[in-house]
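Peer 1: generate a structure from the sequence data that follows.
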Amino acid sequence: MFIILGTVPNIFIFESIFDSLGLDLNKKRYAINRAFLIAYILWLIIFLFGNWFLIILGINLIDFRIAGGIFLFYIAFEILTKDIPSHLNIKDNNESLEDIIATPLAIPLITGPGVITTTLIYTSENLNLIYLFLIMSLAFLISYIIIYNSTLILEKAGKKNLIILNKLGGLILLAIAIDIIISAIKML
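Peer 2: Residues are numbered from 1 along each chain as shown. Now for the predicted structure:
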């Protein structure tokens, strides 16, 4: 979940958006706090009720796993080949801070299609939901701490090292996507 949250690429994307708006550190942190709160509440709703929506809509879980795996594969491929994923659709930089907190910061940068897909797949597998909730919440917390301190992290770690870490995360996400697709095909 930590990799799927896209923490490392989000460091660059958040900083780029904030720099284009000319924000100081306090406003950056305000935006990060709000964006993570919105993203976490959306994730919590999906965690609690997402599979009910699938049932109501009559979507087969195996089909959803295959579709989700393909989409995660696409995201991983973009992490490996592009600086900013094309599905973000970031508009021009004339927007205000309040305009960008919910979209694109909270959704889709934090709780995006990959997080939604992964949450629905794992909550449907009859795992210990309390354990799953705690692990996923911990991933959100770690991601929040890293993004909150992204300015300092960029200064200390260096952009090149974070790019390498991001590409490694893309490879891991690619393996997760392939595993989801293969397991769904086996279920068929």
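Peer 1: residue ranges of the helices in this structure, please?
Peer 2: Secondary structure of the chain by DSSP state H: the helices cover 7-21, 25-57, 61-81, 97-100, 113-123, 129-148, 150-157, 159-187.
Peer 1: dump the C-alpha coordinates for the fifth one into CSV.
Peer 2: Spelled out, that is helix 113-123. As requested, the backbone C-alpha atoms of helix 113-123 are provided in CSV (Å, rounded to 0.1, in the frame of the first residue of the first chain):
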residue,chain,number,x,y,z
PRO,A,113,-7.3,4.4,-8.8
GLY,A,114,-4.4,2.2,-7.6
VAL,A,115,-5.3,2.7,-3.9
ILE,A,116,-9.0,2.2,-4.5
THR,A,117,-8.3,-1.0,-6.6
THR,A,118,-5.9,-2.4,-4.0
THR,A,119,-8.2,-1.7,-1.1
LEU,A,120,-11.2,-3.4,-2.8
ILE,A,121,-9.1,-6.4,-3.7
TYR,A,122,-7.6,-6.9,-0.3
THR,A,123,-10.9,-6.3,1.6
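Peer 1: could you pull up the mean pLDDT of stretch 39-47?
Peer 2: Per-residue pLDDT over stretch 39-47 has a mean of 96.
Peer 1: distance of the closest residue in space to Phe47 that isn't next to it in sequence from Asp179?
Peer 2: Distances taken as Cβ to Cβ, 6 or more residues apart in numbering put Thr119 closest to Phe47, at 5.5 Å, once the chain neighbours are dropped. Just so you know, the C-beta spots here come from the backbone N, C-alpha and C atoms, and that holds for glycine as well. Relative to Asp179, Thr119 is positioned 16 Å away (criterion: Cβ to Cβ, to the nearest Å).
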